[in-house]
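Student: pasting a predicted model and its sequence here:
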Amino acid sequence: MTGVAGAVRLAVVTVVRDDLPGLLATRASLRAQTMAAYDWFVADGGSSDGTARWLADHPDEAAWWRSSPDGGLYDAMNIALDAIAEWSPPCNAPCSHVLFLNAGDRLADDRVLERLLPTLAEHPDAGLFYGDALEELPGGRLVVKRARSHRRALLGMFTHHQAMVYRLAESSSCRFDLRHGLAADYAFTLSILKQGLPAQRLPLSVCIFASGGRSQQDPARGRWEQAAIRRELLGLGRTANATLWGLQWLALTLRQTIPWLYAKYRFSSNERSLLS
């Protein structure tokens, strides 16, 4: 396992603003990992809740951090990507892959990196890796949201962004498009896939997704942004885009009005995922 850890190293990017409890939850999840072949990059958007003070008081926690106003979530991600590209590790190998795990998001269990890193090493030509995500339902029950195939990316994000790992060699030429306030991660992922390198399905749940984000608060805007991205990056016409928009609306309506039926279709038990 030591050889595997030396072959690949993960950059974990966490974006935060005024969410010190979320940042600490994410950090606790990283510290609990049985394999520590990662470096933590924290982009704080100028918090006033103690986040910046905590980062300053714990200089050994993150390989790199900043606390300064930015243009929002995706701008902060771009800043972190630039920092990774310019960062010179003092003693560790440089990072080969990147995972975006924002404040409040956690890895699914303490063995995620132990299972993930060998897969990254076994597929050195893959530009993207993706797995399942755990979601917390009202009442605290964790369920698995299974990833769809990346070949169905036309339909939208095929898993949560926090369950995707990108190879930095490909990400070095891509940045998040700030025109899209909610779906820039979709455009970023399509840009990686358009480079033509293999995408590898991971046989595990990668993250526990912190619900309540902006895309869930304004799903209509997210659908419109995805339609614009499909038109620009995939050349999809108006009729096909309208059909996909309608299917997305139907899925959202089903989740909101008949949540048990949506859950039966879309979720599976956490126990089964952990056996995969």
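Tutor: On my side now, so go ahead. This structure is a prediction, so every number in the text was calculated from the model and none was measured. Residues are numbered from 1 along each chain as shown.

Student: can you give me the helices in the stretch 1-150 of the chain?
Tutor: 2-7, 20-31, 51-57, 73-86, 112-122 (DSSP state H, counting those that start in this stretch).

Student: just send these back as a markdown table, with mean pLDDT too.
Tutor: As requested, those are arranged in a markdown table below (pLDDT from 0 to 100):
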| stretch | mean pLDDT |
| --- | --- |
| helix 2-7 | 53 |
| helix 20-31 | 97 |
| helix 51-57 | 97 |
| helix 73-86 | 96 |
| helix 112-122 | 96 |
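
Student: direction included, what does the host helix or strand of Y166 pair against?
Tutor: Using DSSP states H and E, Y166 sits within strand 164-167. Sheet partners assigned to strand 164-167 using DSSP bridges are listed as strand 97-100 (antiparallel), strand 128-136 (antiparallel).

Student: and it, which residues are buried?
Tutor: M164, V165, Y166, R167 (16 or more other CB atoms under 10 Å). Every residue, glycine included, has its C-beta placed from N, CA and C.

Student: can you check stretch 134-147 too?
Tutor: L134, E135, L142, V143, V144, K145, R146, A147.

Student: closest to R231 out of those?
Tutor: Distance to R231 across those (CB to CB) is lowest for A147, with 24.5 Å.

Student: quick one, phi/psi of the closest one?
Tutor: phi -70, psi 140 (degrees, to the nearest 10).

Student: ok, H161 next?
Tutor: The phi/psi pair for H161 (degrees, to the nearest 10) is phi -60, psi -30.

Student: what's the answer for S96, then?
Tutor: phi -110, psi -20.

Student: neighbours of it, how many?
Tutor: 18 (other CB atoms under 10 Å).

Student: what do you get for the one 4 residues further on?
Tutor: Counted with other CB under 10 Å, residues neighbouring F100 total 26.

Student: would you format the buried residues of stretch 134-147 as a markdown table with pLDDT and distance to T34 included?
Tutor: As requested, the buried residues of stretch 134-147 are exported to a markdown table (pLDDT from 0 to 100; distance: CB to CB, whole Å):
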| residue | pLDDT | distance to T34 |
| --- | --- | --- |
| L134 | 94 | 18 |
| E135 | 86 | 24 |
| L142 | 86 | 20 |
| V143 | 88 | 24 |
| V144 | 91 | 21 |
| K145 | 90 | 24 |
| R146 | 93 | 25 |
| A147 | 95 | 23 |
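
Student: need the next SSE after the strand holding Y166, C-terminal direction.
Tutor: Strand 164-167 is succeeded, C-terminally, by helix 168-171 (DSSP H and E).

Student: in that following helix, which residues are buried?
Tutor: L168, E170, S171.

Student: what does that helix contact?
Tutor: Outside helix 168-171, the residues within contact range by CB atoms under 8 Å, 6 or more residues apart in numbering are 11, 81, 84-85, 95-98, 127-128, 192, 195, 197.

Student: got the CA positions of it in PDB?
Tutor: Extracted in PDB, the C-alpha atoms of helix 168-171 (Å, rounded to 0.1, in the frame of the first residue of the first chain):
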ATOM      1  CA  LEU A 168      -4.800  17.400 -12.500                       C
ATOM      2  CA  ALA A 169      -3.000  16.900 -15.800                       C
ATOM      3  CA  GLU A 170      -6.400  17.500 -17.500                       C
ATOM      4  CA  SER A 171      -7.700  20.000 -15.000                       C
END
